[in-house]
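> any chance you can model this:
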Amino acid sequence: MPIKLTTEKLDYFGRGIAYLDKKIIFIENALPGEEVLIEITKEKKSFAEGKVIDYLTTSPERVIPKCPYYEECGGCNLSHFKEQLHFKKTEFVSLIKSNCHLDVNPIVIESPKNYYYRNKVTLKIENYKWGYYENQSHQFVSINQCLIAKESINKIIKRQDLFKIATGEIVIRSNYNDEILISINTESKYEVDIEELKKDNRLLGIIINDKIYYGQDSFIEFIDNYLFKVSINSFFQVNIDILKEIFKILSKTNTTNMIDLYCGVGVLGTVINKEKLYGIENSYSSIKDALLNAKMNKQENNYYLLGDSSKISEIKDNIDLIIVDPPRSGINKKTMEHILNLNVGSIIYMSCNPHTLSRDLKKLKDKYCIKECYLFDMFPQTYHFETICILTKK
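Now for the predicted structure:
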């Protein structure tokens, strides 16, 4: 039976929050102040989740999503909300305040593009069609375009007919020059019409089940006069316009000896003014790329260590600065101990997960204060965002 509720606020994931007999109800696609009819989709002892059947009143902040798949696809979750960036800032400030007892007022950097910004997408393949899963489910949603992906990626998505693959997963990457790399993992038989695909696309390579099927497995990314080799499995920021803004901030930093922890292909450390850099990364392909990138960008004193973040304990040099860009899980306990023991003058913490960032800031705040804080809209149309906190020793 439908239930009538009024949404009071949003949670961190952009879901509406309402209450029924003092029980919290999370409602997808509901904004504060909206009166909605819902059906319960999940019932737990302390909370429930609901789906909107009808809107009795709508918020002035509601907009019509541009994406035709938005109601089903789990890729985006804020396209119905006008004030996405204000919401992200409010959530971030509140989270840092409640978890760390710190007051922050981040400088907000908007994305120049709200759509067609992603240089990488990962799609599921089912019954020869490509798509995403519905939010929090394995219900497949077939798509023929993705409005947050670059146009060059969408050109590939629209030619699914050239890929005879029944099931699996496909990753499509595009660089500054709209050149394309494709990686496919599948257990089914496969066939790709490469010649037809090359006619309208700058196709550089196709990798199937970790083996080169056509061309090459890497390309060059060019950003603000820096060159970066990026292999198909290497991590690289998905929004180049925002990465350029990050470069502007990092390029103001001057130091002597630094550590680039979780360095990936060496992007962030490259733009910092320094005499010597130690990079640490657990991906072999990323370390190989980082070594080449240092040569291409004439960074003669960059040294890279292959291994997990605990490798930081092996560096015996006098270190002035550590920059960290950890996975969503944040900095593990052992690595945090090593960082605190190094007693460096400055730490630059870049994060896409404010929950683990706040956890780690709580451990750092006795020794360090936040000098600068930035919030980047790296992922428009989603609740995700990127942050940088520049910490200095007290």
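> hmm, Glu39 is touching Ile3, no?
Yes. Under the criterion of C-beta atoms under 8 Å, Glu39 lies in contact with Ile3, with a separation of 7.3 Å. Where you see a C-beta, it was placed from the backbone N, CA and C, and this is true even at glycine.
> and these two? which has more neighbours close in?
A direct count of neighbours by other C-beta atoms under 10 Å for Glu39 and Ile3 places Ile3 higher, at 15 against 11.
> so the residue lying closest to that one once chain neighbours are set aside bridges to which residues?
Take Ile3 and drop its neighbours on the chain: the residue closest to it by C-beta to C-beta, 6 or more residues apart in numbering is Ile38, 5.5 Å away. Beta-bridge partners recorded for Ile38 (DSSP bridges): Ile3, Val52.
> Ile38: neighbouring residues, count only.
Residue crowding around Ile38 was assessed by other C-beta under 10 Å; the count is 24.
> equivalent analysis for Asn29, please.
22.
> try Tyr132
Count around Tyr132 with other C-beta under 10 Å applied: 21.
> and for Leu37?
Based on other C-beta under 10 Å, the number of other residues close to Leu37 is 14.
> contact partners for it?
By C-beta atoms under 8 Å, 6 or more residues apart in numbering, the contact set of Leu37 is 2-4, 52-56.
> equivalent analysis for Ile184, please.
The neighbours of Ile184, taking C-beta under 8 Å, 6+ apart as the test, are 125, 163, 165, 168-171, 190, 206-209, 213.
> make it 7 Å
Applying C-beta atoms under 7 Å, 6 or more residues apart in numbering to Ile184 gives the contacts 165, 168, 170, 190, 208.
> pull the most distant pair out of those residues.
Among the contacts of Ile184, the pair separated by the greatest distance (C-beta to C-beta) is Ile170 and Tyr190, at 10.6 Å.
> more neighbours: which of the two?
A side-by-side neighbour count of Ile170 and Tyr190, using other C-beta under 10 Å, places Ile170 first with 22 against 17.
> burial of the closest residue to Gly279 other than its chain neighbours, as a residue count?
Spatial nearest neighbour of Gly279, excluding adjacent residues (C-beta to C-beta, 6+ apart): Cys263 at 3.6 Å. By the measure other C-beta under 10 Å, the count of residues near Cys263 is 27.
> all numbers from here: first residue = 59
Okay, using 59 as the starting number, the last item reads as Cys321.
> wait, Cys321 touches Ser341, no?
No. Taking contacts as C-beta atoms under 7 Å, Cys321 lies outside contact range of Ser341: 9.6 Å.
> picking that back up, list just the nearest of the contacts of Leu95 to Cys158.
Distances from Cys158 to the contacts of Leu95, taken by C-beta to C-beta, are shortest for Val110, at 34.4 Å.
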